[in-house]
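Novice: Quick one, structure for this:
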Amino acid sequence: MDPIHKVLNIFFPIVSVFLFIFLVPILSLYRLIRFFFRSVYLENLAGKVVLITGASSGIGEYLAYEYAKHGARLALVARRQEVLAVVARKAKELGSPAVIVIKADVSKLEDCKRFVDETINHFGELDCLINNAGIGKVGLFEEQQCIADHTSVMDINFWGSVNAAHFALPHLRKSKGRIVVIGSVAVWFNSPTVSVYNASKAAQQSFFETLRLELAPDIGVSIMTLG
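Specialist: Residues are numbered from 1 along each chain as shown. Model (predicted):
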């Protein structure tokens, strides 16, 4: 065996045991305390700039309404501009002081850059990016005629959130903001007929779990595992 491998075989088990015994409990305690304080002392969202992808319907639409009730300024992104306009109008009625709508497709790299740039050009800052846009296609993998038909699932669910985060990071670092990822229980509960969707959500969660470690403590990353 290579001498370097011999050293690593001795060194890494010792390090792993140390991390498991000492670091993991400390990190868990820190997260518990932080969760407690954030639960008791709610964040003041009035005036904060929140960018929501997939905001024309479903979870994205109702997130827009909830942030509007707390006085947040909103940048709403989706492919259906007419429907977005309706959501924006209701968000203003619910209390948002300013709402812009941006027609964009998160599966396109240039669109991800554009909707972040338009948000900054309009509001001058960004406090929270909510990666909500997502799609799923149903069908047994063995019966699929063309696997390429499913690439859009990965392009939207995974790359759409990754690219949006990439362009938003410089602005979120300035505001010490947050990325919110709308994930799925499919990450650990793999139901049949949605194999590519399950894979896209698993990839998304793994990426943002890693990004959380890289960005802490300047930028927070929250992953919502919805059922």
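
Novice: For the chain, which segments count as helices?
Specialist: 3-18, 24-40, 58-69, 81-94, 109-123, 151-154, 160-175, 195-215 (DSSP state H).

Novice: quick one, the third one and helix 81-94 angle?
Specialist: Yep, that's helix 58-69 we're talking about. Here the directions of helix 58-69 and helix 81-94 differ by 30 degrees (axes from the mean of the first three to the mean of the last three Cα atoms, to 10 degrees).

Novice: name the helices or strands packed onto helix 58-69?
Specialist: Helix 58-69 sits against strand 49-53, strand 73-78, helix 81-94, with contacts defined as 3 or more Cβ pairs under 8 Å, 6 or more residues apart in numbering; DSSP states H and E. Placement of C-beta: from N, CA and C, glycine included.

Novice: Kindly report the domain assignment for this protein.
Specialist: Taking automatic domain parsing as the criterion, the chain consists of the domains 1-42, 43-224.

Novice: Next, name the residue at the spatial heart of the protein.
Specialist: Residue closest to the average C-alpha location in the chain (Cα atoms, centre = their mean): V181, at 2.3 Å.

Novice: surely that one meets G220?
Specialist: No - the pair V181 / G220 is not scored as a contact, 11.2 Å apart, by Cβ atoms under 8 Å.

Novice: Local confidence estimate at G227?
Specialist: If you check G227, the pLDDT there is 69.

Novice: from now on call the first residue 100
Specialist: Happy to do that; since the first residue is 100 now, the last one works out to G326.

Novice: By mean pLDDT, which helix or strand of the protein comes out lowest?
Specialist: Of all helical and strand segments in the chain, the minimum by mean pLDDT, DSSP states H and E falls on helix 123-139, at a mean of 75.

Novice: C-alpha coordinates for that helix, CSV please?
Specialist: Output in CSV follows, covering the C-alpha atoms of helix 123-139 (Å, rounded to 0.1, in the frame of the first residue of the first chain):
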residue,chain,number,x,y,z
VAL,A,123,-21.4,17.6,15.8
PRO,A,124,-22.9,18.1,19.3
ILE,A,125,-21.6,21.7,19.5
LEU,A,126,-23.0,22.5,16.0
SER,A,127,-26.3,20.9,16.9
LEU,A,128,-26.6,23.0,20.0
TYR,A,129,-25.8,26.1,18.1
ARG,A,130,-28.5,25.4,15.5
LEU,A,131,-31.0,24.7,18.3
ILE,A,132,-30.3,27.9,20.1
ARG,A,133,-30.4,29.9,16.8
PHE,A,134,-33.7,28.2,15.9
PHE,A,135,-35.1,29.2,19.3
PHE,A,136,-34.2,32.8,19.0
ARG,A,137,-35.5,33.1,15.4
SER,A,138,-38.8,31.5,16.5
VAL,A,139,-39.2,33.9,19.4
